[in-house]
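A.B. asks: What would the 3D arrangement of this be:
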Amino acid sequence: MRDGLRLRDRCRSLPPACFAPVMATGIVSRALNEAGARTASTLLFACACALYAVLLVASGAKALFHPAALQAELADPARVFGHFTFVAASGVLATRLSHGPARGTAYVLLAVAGAAWAVLAAGLTRLPRSAAREADGTWFLATVGLQSLVLCLTSLPPRPVLVPLAFALWWCGVLLYAGTATVLGRRLLRHPPGPARCTPAYWVTMGAVAISTLAGTQLHDHEDLLPHAARGTLALAVVVLWSWATVLVPPLLATGCWRHLHHRVPLAYEPALWCVVFPVGMYATATARVTATLTPHAPGVAVHLLAWVAAAVWLTVQGHAVAARRPARP
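C.D. replies: Numbers count the residues shown, from 1 in each chain. Predicted structure coming up:
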C-alpha cells in the first residue's frame, strides 16, 4: 500500500517536459541510422520506446490521481510548453515506426500526437498577454511538436491528401517559429536573462529550425504531389532554414561558455540538458537529409561526424543523469 502511495507521489512530481529524453534519444537514434550505425541506432531506439511506455503510464497516473497539479501546469506559461515534448516524442517514434510491420502503431501515435497538440494549442490561447514576459526557449517546443507531425505524415506511404496536409502544417510551423522568435526577441531585448536563467532550453531555438529543415526535406521527396508553384520555394526555404540553424550554433555555444566558464554556474545535471541533445541530434539528421536531397554527390564525412557528436552528447547527458540518481555516500 505504501509503495503504491509513493508511486502516486512520484507521478505528481513528474516534470512537464518529462518526454524530452525520449525525443532526444529517438532523434539521435535516427542520426546514427543516417550515418550507417545500424546496431547503435536500434539499441537507442529500443531505449526510447521503453522509456516512452514508462512515461506514458506515469503521465496517465498523474492525470488520474493529480488532476489539479496537471491543470496548474497547463495554466502556467513557464511550464505548459514542456508538455509539447509528449507530442514531439510521439512524432519522432512514429516516424521511425512508419516503415515495416509496426506501421499501424505509427498511425496510432500520429493520431494521439495530433490530438495532444490541438488540445495544448487551444490551451495556449487562454494564456494572458503578460505571459510573453516569461517567454524562453521552451516556447519553441510548440513548433517542434507541430513539425514532428509533418515528419510522420511524410514518412507514411504518400497519399494525395496527406502530403498537401503536411505541406500546410509545415508552413504553419515555420510561421509559428517566426512568431515565437519575435516574442522571445522582444523579451530578451527588454529583459535580458542573467546567467542563472540562460538555461540549456534555449537550444530548442535551433532545434525547432532543424526539425523544420528535416520536415522540409521529406516534403521535397514528395514534391510531385505538391502544386508546381510550391516546389521551387520549398527547396529554397529548406536551404534558408538549414543556414539559420547553422548560424544559431555559435552563439548558443558562446552563451554556454559565458554561463559556465565566466560566471561559474555549475555544470550539474538538469532535465533541461536534454534540450541540448535533441537539437544536436536533429541538426545532424537534418544535415544528412539536406546533403542527400540537395547535394547527393557531396562527401558524407561531415554527416558521419555530426551523428557521432550527437551520440557523444547523448552519452554525456545520460551519464550525468545516472550519476545524479545515485544516492549520496554517507
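A.B. asks: Pull the distance from the helix or strand hosting residue 28 to the chain's centre.
C.D. replies: Residue 28 is part of helix 20-34 when elements are defined by DSSP states H and E. In terms of Cα atoms, centre = their mean, to the nearest Å, the centre of helix 20-34 is found 10 Å from the chain centre.
A.B. asks: Remind me what that helix packs against, helices and strands.
C.D. replies: helix 38-65, helix 84-97, helix 274-294, helix 301-325 (3 or more Cβ pairs under 8 Å, 6 or more residues apart in numbering; DSSP states H and E). For glycine as for every other residue, the C-beta is placed from the backbone atoms N, C-alpha and C.
A.B. asks: Give me the angle between the first one and helix 301-325.
C.D. replies: Yep, that's helix 38-65 we're talking about. Calculated by axes from the mean of the first three to the mean of the last three Cα atoms, to 10 degrees, helix 38-65 forms an angle of 40 degrees with helix 301-325.
A.B. asks: which parts of the helix or strand just after helix 38-65 are buried?
C.D. replies: Downstream of helix 38-65, the first helix or strand assigned by DSSP H and E is helix 67-74. Residues 70, 73-74 are the ones in helix 67-74 that count as buried (16 or more other Cβ atoms under 10 Å).
A.B. asks: Also stretch 287-301?
C.D. replies: By neighbour count with 16+ other Cβ under 10 Å, stretch 287-301 contains the buried residues 287-291.
A.B. asks: Can you tell me what sits against stretch 215-229?
C.D. replies: 147, 150-151, 154-155, 158, 160, 163-164, 166-167, 170, 173, 230-231, 234-235, 237-238, 241, 286, 289-290, 292-294 (Cβ atoms under 8 Å, 6 or more residues apart in numbering).
A.B. asks: what's the span of it, first residue to last?
C.D. replies: Distance across stretch 215-229, first residue to last, is 19 Å (Cα to Cα, to the nearest Å).
A.B. asks: Enumerate the positions of it that are buried.
C.D. replies: 215-220, 222-223, 225-226.
A.B. asks: Save those residues as a markdown table, and put in secondary structure and pLDDT too.
C.D. replies: Below are the buried residues of stretch 215-229 laid out as a markdown table (DSSP: H, G, I helix; E, B strand; the rest coil; pLDDT from 0 to 100):
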| residue | secondary structure | pLDDT |
| --- | --- | --- |
| 215 | helix | 96 |
| 216 | helix | 95 |
| 217 | helix | 94 |
| 218 | helix | 93 |
| 219 | helix | 93 |
| 220 | helix | 89 |
| 222 | coil | 88 |
| 223 | helix | 84 |
| 225 | helix | 84 |
| 226 | coil | 83 |
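A.B. asks: would you turn these into JSON lines with distance to residue 184?
C.D. replies: JSON lines is the format used below for the buried residues of stretch 215-229 (distance: Cβ to Cβ, whole Å):
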{"residue": "215", "distance to residue 184": "21"}
{"residue": "216", "distance to residue 184": "22"}
{"residue": "217", "distance to residue 184": "26"}
{"residue": "218", "distance to residue 184": "27"}
{"residue": "219", "distance to residue 184": "26"}
{"residue": "220", "distance to residue 184": "28"}
{"residue": "222", "distance to residue 184": "32"}
{"residue": "223", "distance to residue 184": "32"}
{"residue": "225", "distance to residue 184": "34"}
{"residue": "226", "distance to residue 184": "31"}
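A.B. asks: ok, residue 280 - contacts?
C.D. replies: Applying Cβ under 8 Å, 6+ apart, the residues near residue 280 are 28, 203, 309-310, 313.
A.B. asks: what about burial for the residues you listed, which qualify?
C.D. replies: Listed as buried from those are 28, 203, 310, 313; burial here means 16+ other Cβ under 10 Å.
A.B. asks: Would you agree the last one is in contact with residue 278?
C.D. replies: Going back to what we said before, that points to residue 313. No - at 9.8 Å, residue 313 does not count as touching residue 278 under the criterion of Cβ atoms under 8 Å.
A.B. asks: Which one of the buried ones among the contacts of residue 280 is nearest to residue 130?
C.D. replies: Using Cβ to Cβ, residue 203 comes nearest to residue 130 of the buried ones among the contacts of residue 280, at 25.7 Å.
A.B. asks: That closest one against residue 274, yeah?
C.D. replies: No - here residue 203 does not reach residue 274: they are 9.7 Å apart, not a contact under Cβ under 8 Å.
A.B. asks: how many neighbours does residue 284 have?
C.D. replies: Neighbours of residue 284 under the rule other Cβ atoms under 10 Å: 29.
A.B. asks: quick one: low-confidence parts of this structure?
C.D. replies: Scanning the chain with the threshold set as pLDDT under 70 gives 1-7, 296-299, 326-330.
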